[in-house]
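Sequence first, predicted model second:
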Amino acid sequence: MARTREPAGPAPPVPRTVTTKPRSAAAPTLEIANAIAAAYKDTLGCGPNKARVHFAPPAMLVVVLENTMTPEERTLAALGEDERLRECRLVLTTALEDRLRSIVERALGRRTLAFLSGIDTRRNVAVEVFTLASESTDRLAE
């Protein structure tokens, strides 16, 4: 028995199903790293070439940013003006504090309790540290 072929033509559209995957643990840290790097770039005129986010259980978040120094800051470091460089950077990170806290709180859904900022002027590494409210008792309203 011979099989008949149907005329060739465009295939009928296949219905698409949209599924949402649960947010992985890596998603918030990537979001935080990218947003803080962008905040640095907006404020300093150049951003880090590497940003990593680490959780220090139970309630601390550490953001490590490499190569954040501007050409002017590198000149100050080369002249041995490390303390002056740190003072200037502290003024800038203090101005950024609300924005950085907001980035972390939005990504994690948790309040930040404290913010600390520092820079190693010899290694060109900046660190932003956030202490977080307890995950079980102080979730931000969604």
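That came through, no problem.

contacts and neighbour counts: CA atoms only from here.
OK.

and after the helix or strand hosting A95, which helix or strand comes next?
Secondary structure assigned from DSSP states H and E places A95 in helix 82-108. Using DSSP H and E, the helix or strand that follows helix 82-108 in sequence is strand 112-120.

quick one: that following strand to helix 82-108, angle?
Taking axes from the mean of the first three to the mean of the last three CA atoms, to 10 degrees, one finds strand 112-120 and helix 82-108 inclined to each other by 140 degrees.

phi, psi of L132?
phi -110, psi 150 (degrees, to the nearest 10).

So what's the residue count around it?
The local packing of L132 (other CA atoms under 10 Å) involves 21 other residues.

Touching, it and F115? I think so.
No - using CA atoms under 8 Å, L132 is not in contact with F115; the gap is 9.4 Å.

can you map out the helices along the protein?
Taking DSSP state H, the helices of the chain run over residues 26-44, 71-78, 82-108.

could those helices be laid out in TSV, adding distance to R122 and mean neighbour count?
What follows is the helices of the chain, written out as TSV (distance: least, CA to CA, whole Å; neighbours: other CA atoms under 10 Å):
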stretch	distance to R122	mean neighbour count
helix 26-44	18	17
helix 71-78	7	15
helix 82-108	8	16
